[in-house]
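In: Show me the folded form of this:
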Amino acid sequence: MSDPKIQIKNLYKIFGKTPEKALKSVQSGMGKDDLREETGHVLGVDNFSLDIAPRNIQVVMGLSGSGKSTLIRHINRLIEPTAGEILVDGENVLAMDKDALRDLRRFKMSMVFQHFGLFPHRRVIENVTYGLLVQGVDEAEADQRAKH
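Out: Reported below is the predicted structural model:
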């Protein structure tokens, strides 16, 4: 088996004023409800780990409010984790500077937000092709890659 394309290791996200302090409580076994009641913090992601193999599709499913979007936003560092590691092609995303992070977002991954409107006047294939064209990919290659 090849090395994972994306590795998420022991990821935590706690929202609140002192997330590092609240992290110790969570790691000691405090649950989501008790954390909120006792500290006012919200547990967004709780000790999540996952390896995603190259050329695979990974589905993240869960109920509304279960942390799916929060998890996904960590991979491209739209959200900073409270603790954990995120590696893409073996590179530590959390250690990337502004330029490296911009390149990661431009060339290695894409994200369409839940409430983001695609171009309604374009077909799905045209919406997929658009991002490649913006990156400067030749139109014929962009069409071929989008169809793939």
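
In: Which secondary structure element of the protein has the lowest mean pLDDT?
Out: helix 124-134 (a mean of 88; mean pLDDT, DSSP states H and E).

In: on contacts alone, who are the packing partners of the helix or strand that that helix is followed by?
Out: Downstream of helix 124-134, the next assigned helix or strand under DSSP states H and E is helix 139-147. The helices and strands touching helix 139-147, judged by 3 or more C-beta pairs under 8 Å, 6 or more residues apart in numbering; DSSP states H and E, are helix 124-134. Backbone N, C-alpha and C define where each C-beta goes, glycine included.

In: quick one: the helix it packs on to helix 139-147, angle?
Out: Counting by axes from the mean of the first three to the mean of the last three C-alpha atoms, to 10 degrees, helix 124-134 points 130 degrees away from the direction of helix 139-147.

In: buried set for helix 124-134?
Out: Neighbour-count burial for helix 124-134, counted by 16 or more other C-beta atoms under 10 Å, picks out V128, T129, L132.

In: With stretch 13-31 instead?
Out: With the criterion 16+ other C-beta under 10 Å, stretch 13-31 contains buried residues K13, I14, P19, A22, L23, S25, V26, M30.

In: same thing with stretch 58-67?
Out: Neighbour-count burial for stretch 58-67, counted by 16+ other C-beta under 10 Å, picks out G67.

In: Contacts for the least confident helix or strand of the chain, please.
Out: For helix 124-134, the external contacting residues (C-beta atoms under 8 Å, 6 or more residues apart in numbering) are S110, L118, F119, R122, E139, E141, A142, D143, R145, A146, K147.
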